[in-house]
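Engineer: Return a 3D structure for these sequence lines:
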Amino acid sequence: MELTFDRLTKQFGAHIAVDRVSATLTPGVTGLLGANGAGKTTLMRMACDVLRPTSGQVLLDSRDAYQLGDEYRALLGYLPQDFGAYPDFKVLDFMRYMATLKGFNTRDGRARSLQLLEEVGLADDARRRVKTLSGGMRQRLGIAQAMLNDPAILVLDEPTAGLDPKERVHFRNLIANFAQEKIVILSTHIVSDVEFIANRILVMRQGAFVLDGAPEEVVTQAAGKVWECHVDAGQAEVMSSSMVVANVRYSADGHAVVRVVADDAPTAEAVPVDPTVEDLYLSVFRDEARR
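Structural biologist: Sure thing, here's the model as predicted:
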């Protein structure tokens, strides 16, 4: 199966949100990285036929996805960035309702709902009302409803927002297992989630793809631009206010190790270090990182 974005463009008045992007996605996890306003959510909404493009096409195995209509939408699972669930519904009732909308009969819908609630750790909360759930629990419910129809294409917009570290690890394992034969598009600001499970990373800036490749490939774009410096605490504060600093680690003796993303060595004693995907992100969006 292949999902292709062919010169996909979306314009709102004079603003071009997505600018002629092209890519072909295959089974596995594709991580979509970009700063706020880069066009990620607009792109994902077009991929899910929630929003129609100004120009260009979404193709499923070379066929126009929009012309396929219900046949295409039946293959989709979608968690929008602002996931809303009826607050007075009980968790299981909400899942059964969503299952009905996706064409399940009563028995199969209940069985599938219970299975997914177990997988996302909400089985013990099936009788609670949605409005009583924590933010992280509601997000897990959103992930469960997106997977109800065992979608061939799963689109997740900020799925780990509100999840604690343990929940995020569980989510990553769940998605990695699910994506073995499915196309998963994952947008998140938590770069480590993409770094751990993505087979491919698309970096989006100002509506266009600026980097595309496996994590170990794209990260090389930041090679020679990441440094570590051993400085005193006062100098660490100055560097944090004037440079793109990825991390500061203070020691008990008043010194600090500062990790800086910069084209040139920030101090005479700075040493280059291997970049991570987070360093790459800061390198691409360094102007935004300084704000």
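Engineer: For residue 281, which non-adjacent residue is spatially closest?
Structural biologist: Spatial nearest neighbour of residue 281, excluding adjacent residues (C-beta to C-beta, 6 or more residues apart in numbering): residue 191 at 5.3 Å. From N, CA and C alone the C-beta is placed, and that goes for glycine too.
Engineer: what's around the one you found, how many residues?
Structural biologist: 18 (other C-beta atoms under 10 Å).
Engineer: go on, residue 95?
Structural biologist: For residue 95, the count of nearby residues is 26 (other C-beta under 10 Å).
Engineer: secondary structure class for it?
Structural biologist: helix (DSSP: H, G, I helix; E, B strand; the rest coil).
Engineer: Residue 7 too?
Structural biologist: Residue 7 ends up strand, using three-state DSSP.
Engineer: so how far is residue 18 from it?
Structural biologist: Going from residue 7 to residue 18 by C-beta to C-beta, to the nearest Å gives 10 Å.
Engineer: just residue 2 next, same as before
Structural biologist: Taken as C-beta to C-beta, the span from residue 2 to residue 18 is 20 Å.
Engineer: Who has more neighbours out of residue 7 and residue 18?
Structural biologist: residue 18 (28 against 12).
Engineer: what's the more buried one in contact with, if anything?
Structural biologist: Neighbour list for residue 18: 8, 9, 10, 39, 42, 43, 46, 53, 207 [criterion: C-beta atoms under 8 Å, 6 or more residues apart in numbering].
Engineer: Those in strands, which ones?
Structural biologist: 8, 9, 10 (DSSP state E).
Engineer: thought the last one was touching residue 53?
Structural biologist: Pointing back at residue 10 there. Yes - counting by C-beta atoms under 8 Å, residue 10 touches residue 53, with 5.3 Å between them.
Engineer: excluding its backbone neighbours, what's nearest the residue nearest in space to the middle of the chain?
Structural biologist: The centre of the chain sits closest to residue 187, judged by C-alpha atoms, centre = their mean, with a distance of 1.9 Å. Using C-beta to C-beta, 6+ apart and skipping the chain neighbours, the partner closest in space to residue 187 is residue 32 (4.2 Å).
Engineer: any idea whether that neighbour is helix, strand or coil?
Structural biologist: strand.
Engineer: returning to what we had before: and the gap between the residue nearest to residue 281 and residue 197?
Structural biologist: Applying C-beta to C-beta, the value for residue 191 to residue 197 is 12 Å.
Engineer: Same question for residue 169.
Structural biologist: From residue 169 across to residue 197, the span is 10 Å (C-beta to C-beta).
Engineer: now the ones in strands among the contacts of residue 18 in CSV, with distance to residue 89, pLDDT and neighbour count?
Structural biologist: Shown next, in CSV, are those (distance: C-beta to C-beta, whole Å; pLDDT from 0 to 100; neighbours: other C-beta atoms under 10 Å):
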residue, distance to residue 89, pLDDT, neighbour count
8, 35, 97, 25
9, 38, 97, 16
10, 33, 97, 22
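Engineer: Make TSV from those and add distance to residue 256 to it.
Structural biologist: Formatted as TSV, the ones in strands among the contacts of residue 18 follow (distance: C-beta to C-beta, whole Å):
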residue	distance to residue 256
8	45
9	46
10	44
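Engineer: so residue 157 touches residue 143, yeah?
Structural biologist: No - contact criterion C-beta under 8 Å: residue 157 and residue 143 do not qualify, at 11.3 Å.
Engineer: what residues do those two have in common as contacts?
Structural biologist: Joint contacts of residue 157 and residue 143 (C-beta under 8 Å, 6+ apart) are residue 79.
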